[in-house]
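**Q** sequence plus predicted model, see below.
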Amino acid sequence: MATVTTLLALLIVAAVTAWAVFAFNRLVRLRNQARTAWADIDVQLMRRHDLVPQLVTAVGAYAGHERATLEAVTALRSQAVALKSPAKLGEVESALEQALGRLFALKEAYPDLKANENFTQLQRDLVEVENQLQYARRFYNGAVRDYNTAIQRVPDVVVARSFAFREAEFFQTGEEERAAVGVELTP
C-alpha cells in the first residue's frame, strides 16, 4: 500500500512540475513576444523622430514666422525621444501627432511649400511610418494583452508571482483606432 501511495505522490509531483515548467516557458515566450513587438514600435518611432527635424527645416524655410508650431513639434519630439515607458510615451506621441497635423496644415497657407518636392517626399515618408507604426502598435498591444492575461490567469498566476513576472504597459495614443496623421498628398 505504501508503494502505491508513494507512486501516486511521485506522479502528482511530476505532473505539477511538468505543468510549472510548461507555464513558465509559456510566460517567458509571451513576455519575449511583447518585448519584440515593442522593439518594432521603437524602430518606427525612431524613423518618425528622424523625420521631424527634416520637416521642421523644410517648413521653416517657407514659413519661418510660424515659430510656435515649429517649436512645439521640436519640443514634443525631444520629449518623445527621452521617454521609454509605453504609457507615458503614448501621451507624448499623441500630442506629437496633433502637432504634426498642424505642421502639415501650414502647406495650405504657403503654396511654395506645397510645391516643394522635398516636403512632399517627407510627407510620403511620414505616411509610410505612420502606417507601419499603427500595425506595430496593434501587434504590440495584442502581445501585451495575451501576456497580461496569462500572468493573471489561474493557475498560471502562481508561477507568474513566484518568478516575478510583471504586467506590461499598453501603448495607446488617445484614440486607438485613429487614422494616421492627417497628411494629404497632393499630385
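**A** Yep, it's here. In this text the structure is predicted, and so the values were computed from the model without any measurement.
**Q** report all helices and strands that the longest helix belonging to the chain contacts.
**A** What stands out as the longest helix in the chain, according to DSSP state H, is helix 2-62. Counting contacts by 3 or more C-beta pairs under 8 Å, 6 or more residues apart in numbering; DSSP states H and E, helix 2-62 is packed against helix 67-82, helix 86-105, helix 111-115, helix 117-152, helix 156-162. C-beta: built from backbone N, CA, C; applies to glycine.
**Q** so which of those helices comes closest to residue 6?
**A** Counting by C-beta to C-beta, residue 6 lies closest to helix 156-162 out of these; the figure is 24.9 Å.
**Q** averaged pLDDT, that closest one. What do you get?
**A** Averaging pLDDT along helix 156-162 yields 95.
**Q** any idea which helix or strand in the protein has the lowest mean pLDDT?
**A** The helix or strand of the chain with the lowest confidence, counting by mean pLDDT, DSSP states H and E, is helix 111-115 at a mean of 82.
**Q** what lies in contact with that helix?
**A** Outside helix 111-115, the residues within contact range by C-beta atoms under 8 Å, 6 or more residues apart in numbering are 58, 59, 61, 62, 63, 106, 107, 108, 119, 186.
**Q** same thing with stretch 29-46?
**A** Taking C-beta under 8 Å, 6+ apart as the rule, stretch 29-46 contacts 80, 86, 89, 93, 129, 132-133, 136-137, 139-140, 142-144, 146-147, 150, 165, 168, 171.
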